[in-house]
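Attaching a predicted model along with its sequence, questions to come.
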Amino acid sequence: MKILLLGKNGQVGWELQRALAPLGELIALDRHAIDGLCGDLSDLDAVRATIRQVKPDVIVNAAAYTAVDKAESEAELALRVNGDASRLIAEEAALLGAWLIHYSTDYVFSGEGSTPWQETDDVAPVNQYGASKLAGEQAIIASGCKHLIFRTSWVYGARGNNFAKTMLRLAKDRETLKVIADQIGAPTGADLIADVTALAIRQVLQQPQLSGLYHLAASGEVSWHGYATHVIAFAQANGEQLAVTTINLIDTTSYPTPARRPLNSRLNTQKLRDNFSLHLPDWQSGVNRMLREVLNK
């Protein structure tokens, strides 16, 4: 089996390089051309030529425009990368009879209420990033290609920047932190996403009827304030010397950003767990593992 991975150096893409390697021949690309192959989703012609040259059995698209606030002023670029490129990849996958694995976001929803979102719930993005990701989802489904779309939320990895690292950095110098308490979700590790992807690919190759849209997130829920509190408590319990003594709760309205953020990022993962016989661990276990790696404990 030949697998084409796009976005190999992102948080999820980095973990996918590890998780997908045992499944078959893996060709992993980022935005920079290598041997005439290019994974730059803003260059649609190059991506089309790459897929036609590689002729993969499975395309895993972990590349995306993810700058949520910048998307408000770069809506056209966000739509090209997240929407138009996804349509092109799906069309090429359909021509090849290949599987397309794609990642989306809870930002396709309105973010209202407190009930975890199901795959069948109405979509209503509140920002340009969410709108561009929704366009990608819809294009893939409309193409008729064999696909798995995983909507996820609050993704982090030990590699690169993440919320936990930011909190630890600030906590070393500040006695007081202010963290948003009215946005709720589940921190979800890039390693968990990659491992679930590899398991799902193996199953859909045997059971193509499992093709479709799924919600993928760690179990449980927490606010950003609760997440920060957990991170700092874990670090202190493991010997980190931090200046912070108080973590104050603030509302989203107290921290304005160019793009609106959904308050409810909860995802109902029942469909994924049932169809693929999976257990999704609680968010704390994944965060703790990441923190041990970051702190070298």
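Everything's here; your move.

Go ahead and name everything in contact with the strand or helix carrying Met167.
Here Met167 is covered by helix 163-173, with elements defined by DSSP states H and E. Under the contact criterion CB atoms under 8 Å, 6 or more residues apart in numbering, helix 163-173 has outside partners 154, 156, 177, 179, 187, 224, 227-228, 231-232, 235, 240-244, 287, 290-291, 294. For glycine as for every other residue, the C-beta is placed from the backbone atoms N, C-alpha and C.

Give me the buried entries from those residues.
154, 156, 177, 179, 187, 224, 227-228, 231-232, 235, 242, 244, 287, 290-291, 294 (16 or more other CB atoms under 10 Å).

Those in strands, which ones?
Tyr156, Leu177, Val179 (DSSP state E).

mind putting the residues you listed in CSV, distance to Val126 and pLDDT included?
Below are these laid out as CSV (distance: CB to CB, whole Å; pLDDT from 0 to 100):
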residue, distance to Val126, pLDDT
Tyr156, 22, 97
Leu177, 26, 96
Val179, 21, 97
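
Now do the buried residues in the helix holding Met167.
Of all the residues in helix 163-173, those buried under the rule 16+ other CB under 10 Å are Phe163, Ala164, Lys165, Met167, Leu168, Leu170, Ala171.

mind checking how far Leu205 is from Ser254?
49 Å (CB to CB, to the nearest Å).

same question, Leu199
41 Å.

average pLDDT for the helix holding Met167?
Mean pLDDT, computed over helix 163-173, is 95.

element containing Ser110?
Counting by DSSP H and E, Ser110 is found in no helix or strand.

and it, what is it in contact with?
Ser110 neighbours (CB under 8 Å, 6+ apart): Ala124, Pro125, Val126, Pro262.

just to revisit the earlier point, I'd like to know which of the ones in strands among the buried ones among the contacts of helix 163-173 is nearest to Pro56.
Of all these, Pro56 sits closest to Tyr156, with 28.1 Å by CB to CB.

So for the closest one, what's the nearest residue that isn't a sequence neighbour?
Nearest residue to Tyr156 in three dimensions, chain neighbours excluded: Asn162, at 4.1 Å (CB to CB, 6 or more residues apart in numbering).

how many other residues sit next to Lys271?
Lys271 is flanked by 16 other residues according to other CB atoms under 10 Å.

again, but for Ala98
For Ala98, the count of nearby residues is 23 (other CB under 10 Å).

got it, and Arg87?
Using other CB under 10 Å, Arg87 has 17 neighbouring residues.

I'd assumed Gly136 was in contact with it.
Yes. Counting by CB atoms under 8 Å, Gly136 is a contact partner of Arg87 at 7.4 Å.

Against which helices or strands is the host helix or strand of Glu76 packed?
Glu76 is located in helix 75-79, with elements delineated by DSSP H and E. Applying 3 or more CB pairs under 8 Å, 6 or more residues apart in numbering; DSSP states H and E, we find helix 75-79 packed against helix 128-143.

After the helix it packs on, which helix or strand is next? Please name it.
Assigned by DSSP H and E, the successor of helix 128-143 is strand 146-152.

Mind giving me the packing neighbours of that following strand?
Using 3+ CB pairs under 8 Å, 6+ apart: strand 146-152 touches helix 85-96, strand 99-105, helix 128-143, helix 190-206, strand 212-215.
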